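# below: sequence and its predicted model.
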Amino acid sequence: MIKHLEDKIKLNRLLNLGTDLNRIHDPDALMERILKEARDFCSADAGSIYIAEKNHLLISYIQNDTLSENKVVYKEHHVPIDNFSIAGYCAKTGEIVLLNDVSDIGSDLPFKFNSDFDEMTGYKTKSILSIPMKGSLDRVIGVLQIINPLKNNTVSGIFTEEDTKTLLHFAGIAAVALQKAQLTKSIILKMIQMAELHDPSETGAHVHRVSAYSTELYIAWAVKNNISPEEIDRNKDILKLVAMVHDIGKVAISDLILKKPGKLTDEEYEIMKKHTVFGAKMFEEEHSEFDQAAREVILNHHERWDGNGYPGLCPAPDYESDKKTQGKKGKEIPLFGRIVSIADVFDALSSKRCYKDPWPHEKVIDFLKENSGKMFDPELIEIFIDNIDIMNSISQKFR
C-alpha cells in the first residue's frame with residue numbers, strides 16, 4: 001500500500017515537472033533544473049549533463065554536493081562519442097549504463113572509468129548511472145549522468161532498477177523540454193546572425209559573452225541581496241536570452257555608420273543612438289516575460305548611472321520623435337539594463353573591433369573602477385570585479 005502511494009506521488013511529480021520544464025526558455029537554466037531534479041529523484045550526490053555536438057559530447061553542466069559545485073562549465077571539455085568512455089558509449093549505442101562499482105567494470109565492456117577528475121579533486125566516484133536523452137526521431141541529443149547514490153546522507157547506497165526506470169522516463173520528458181529550449185535559443189541566434197551580416201562587431205561570440213557575463217553578475221548580485229532561489233532561477237533564465245538581443249536594433253542603422261572605421265560625427269552618433277528605440281520597438285507587443293525584459297534591456301543598456309546616457313525614454317518611448325531627452329539616473333535605470341551595460345562595455349573594451357584593438361585586461365578593469373558611480377552602478381561594478389575570474393573563464397570559452 002505504501003509502495004503504491006509512493007509510486008503514485010512520484011508519477012504525479014514527473015507529470016507536473018514536465019509542465020515546469022517547458023516554461024524554462026534558456027537551455028543552461030533548463031539543464032541545471034533537469035540535473036537537480038534527476039539527482040533528487042534518485043538521491044544522487046553528483047551528476048553531469050553532456051550535450052551531443054556532431055561526433056562529441058560537450059560537458060555542459062555539473063553538480064556535486066560533496067565538492068559544493070553547481071555550475072555551468074565555461075571551460076570547454078569534450079568527450080568523443082565512441083565506445084571508450086562511459087558517456088560516449090551511452091550516446092553512441094543509446095543504451096543505459098548502470099555501474100555500481102566503477103573499479104570493477106567487466107572485461108566484456110569496451111569502456112573504462114576515467115579517474116582524472118577524482119585524482120584532481122580528491123572525490124571518490126563509486127556508482128554511475130548514465131541515461132541517453134533521446135529527442136525527436138529517437139536521436140540521442142545528450143547524456144544524463146548521476147553519480148553516487150546517498151543513503152542517510154552518506155555515499156553508501158546503490159542505484160536500483162527502479163532508479164533506472166524513473167530516470168529513463170525523466171530523461172524523455174527532459175529531452176523534449178531541452179529541444180524546445182534549444183529551438184528558442186536557435187531562433188534568437190539566427191536573429192543575431194542577421195545582425196552580424198550587417199554589423200561586424202555584433203558577432204555570435206560577443207552576444208554569448210555578454211549574455212554569460214550578465215547572468216553571472218545577476219546571480220552574484222541576487223545572492224548578495226538575499227533574493228529567493230526561485231526568483232533567481234526565473235530571472236537568470238530570462239536575462240540569459242534577452243542579453244543576447246541587446247543591440248538587435250542596429251539592423252536599422254546604415255552600414256556607413258556601423259562599419260565606419262573612425263570616430264562618428266555628432267550627427268552620425270545621434271543616428272546610432274536610435275538603435276535602442278528601434279530594437280525596443282521590435283518587442284513593443286509584450287506577449288511574455290521575455291518580450292518585456294528584452295525591451296527593458298534594449299532600451300536601457302546605454303543609460304548611465306549619472307544620468308548622461310541615452311535614450312532616456314520612460315516608460316513608453318516616442319519612437320518617431322527626434323527630441324532630445326534627459327537620460328535616466330541611478331536606480332531609475334532598470335536592473336537588467338544596468339547589468340547588461342557593464343557586460344557590454346567590458347566585452348567591447350576587451351575585444352578587437354574594426355575601429356580599435358583590444359585593451360589590456362588591467363586597463364579595462366581600471367576603466368570600470370574609474371567609471372563606477374559615473375557610467376555604472378557602483379554596487380554592480382564591485383560585484384563584477386569580485387567575480388572577474390568567472391568572467392575571464394567566459395571570455396576564454398566564447399573566443
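Right, received. Where do you want to start?
# return the alpha-carbon coordinates of stretch 53-65 using CSV.
Coordinates of each C-alpha in stretch 53-65 appear next as CSV, following Å, rounded to 0.1, in the frame of the first residue of the first chain:
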residue,chain,number,x,y,z
GLU,A,53,27.6,18.2,-30.8
LYS,A,54,28.4,16.3,-34.1
ASN,A,55,30.7,13.4,-33.0
HIS,A,56,31.5,14.7,-29.5
LEU,A,57,29.7,15.2,-26.2
LEU,A,58,30.2,18.6,-24.5
ILE,A,59,30.0,18.6,-20.8
SER,A,60,27.5,21.5,-20.2
TYR,A,61,26.6,21.3,-16.6
ILE,A,62,27.9,19.7,-13.4
GLN,A,63,26.7,19.4,-9.9
ASN,A,64,28.5,17.9,-6.9
ASP,A,65,27.2,18.4,-3.3
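# list the buried ones in that stretch?
56-64 (16 or more other Cβ atoms under 10 Å). Quick note: C-beta positions are derived from backbone N, CA and C, even for glycine.
# what mean pLDDT does it get?
What stretch 53-65 shows for mean pLDDT is 88.
# re earlier: nearest to residue 116, of the buried residues of stretch 53-65?
Closest to residue 116 out of the buried residues of stretch 53-65 is residue 59 (12.4 Å), distances taken as Cβ to Cβ.
# name the SS class of that closest one, please.
With DSSP: H, G, I helix; E, B strand; the rest coil as the basis, the three-state label of residue 59 is strand.
# and the gap between it and residue 95?
20 Å (Cβ to Cβ, to the nearest Å).
# quick one, domains of the chain?
2-181, 199-397 (automatic domain parsing).
# compare these and give me the one nearest residue 193.
domain 199-397 (6.8 Å).
# give me the contact list for stretch 150-167.
10, 14, 38, 41-45, 66, 96, 98, 100, 124, 126-127, 129, 131, 144, 146, 148-149 (Cβ atoms under 8 Å, 6 or more residues apart in numbering).
# measure the residue nearest to residue 188 when sequence neighbours are not counted to residue 205 for me?
Excluding the flanking residues, the one nearest residue 188 by Cβ to Cβ, 6 or more residues apart in numbering is residue 244, at 5.5 Å. Going from residue 244 to residue 205 by Cβ to Cβ gives 11 Å.
# quick revisit: possible to save the domains of the chain as a markdown table with distance to residue 193?
Formatted as a markdown table, those follow (distance: least, Cβ to Cβ, whole Å):
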| stretch | distance to residue 193 |
| --- | --- |
| domain 2-181 | 18 |
| domain 199-397 | 7 |
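# and the contacts of stretch 150-167, which are buried?
14, 38, 41-42, 44-45, 98, 126-127, 129, 131, 144, 146, 148-149.
# between which two of the residues you listed is the distance greatest?
14 and 126 (26.5 Å).
# list the contacts of the strand or helix carrying residue 28.
Assigned by DSSP states H and E, residue 28 belongs to helix 27-42. Contact partners of helix 27-42, identified using Cβ under 8 Å, 6+ apart, comprise 10, 17, 20-21, 24, 44-49, 51, 60-61, 63, 70, 72, 129, 144, 146, 149, 159, 163, 166-167, 170-171, 174, 177-178, 181-182, 185, 215, 233, 236-237, 240.
# and if you look at stretch 219-229?
So stretch 219-229 is contacted by 231-232, 235-236, 335, 339, 379-380, 383, 386-387 (Cβ under 8 Å, 6+ apart).
# mind running it again at 10 Å?
The contact list for stretch 219-229 (Cβ atoms under 10 Å, 6 or more residues apart in numbering) reads 71, 218, 231-236, 239, 335, 338-339, 377, 379-380, 382-384, 386-387, 390.
# now do stretch 296-310: distance to the chain's middle.
Mean-position distance between stretch 296-310 and its chain equals 24 Å (Cα atoms, centre = their mean, to the nearest Å).
# end-to-end on it?
Start to finish, the residues bounding stretch 296-310 are 13 Å apart (Cα to Cα, to the nearest Å).
# list the buried residues of it.
In stretch 296-310, counting by 16+ other Cβ under 10 Å, buried: 296-305, 309-310.
# okay, and for the stretch 101-250 of the chain, where does confidence drop off?
Filtered on pLDDT under 70, the stretch 101-250 of the chain yields the residue ranges 196-203.
# now do the helices in it.
116-121, 161-198, 204-224, 229-242 (DSSP state H, counting those that start in this stretch).
# please identify the deepest-packed of those.
Greatest average neighbour count among those goes to helix 204-224 (a mean of 21), per mean count of other Cβ atoms under 10 Å.
# for it, C-alpha coordinates in PDB please.
C-alpha atoms of helix 204-224 as PDB (Å, rounded to 0.1, in the frame of the first residue of the first chain):
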ATOM      1  CA  GLY A 204      27.800  35.400 -32.000                       C
ATOM      2  CA  ALA A 205      30.800  35.200 -29.700                       C
ATOM      3  CA  HIS A 206      30.100  38.800 -28.500                       C
ATOM      4  CA  VAL A 207      26.500  38.200 -27.600                       C
ATOM      5  CA  HIS A 208      27.300  34.800 -25.900                       C
ATOM      6  CA  ARG A 209      29.900  36.600 -23.800                       C
ATOM      7  CA  VAL A 210      27.600  39.500 -22.900                       C
ATOM      8  CA  SER A 211      24.800  37.000 -22.000                       C
ATOM      9  CA  ALA A 212      27.100  34.900 -19.800                       C
ATOM     10  CA  TYR A 213      28.700  37.900 -18.100                       C
ATOM     11  CA  SER A 214      25.200  39.400 -17.400                       C
ATOM     12  CA  THR A 215      23.900  36.100 -16.000                       C
ATOM     13  CA  GLU A 216      26.800  35.600 -13.600                       C
ATOM     14  CA  LEU A 217      26.700  39.200 -12.500                       C
ATOM     15  CA  TYR A 218      22.900  39.000 -11.800                       C
ATOM     16  CA  ILE A 219      23.300  35.700  -9.800                       C
ATOM     17  CA  ALA A 220      26.100  37.200  -7.600                       C
ATOM     18  CA  TRP A 221      24.100  40.400  -7.100                       C
ATOM     19  CA  ALA A 222      20.900  38.400  -6.200                       C
ATOM     20  CA  VAL A 223      22.700  36.200  -3.700                       C
ATOM     21  CA  LYS A 224      24.200  39.200  -2.000                       C
END
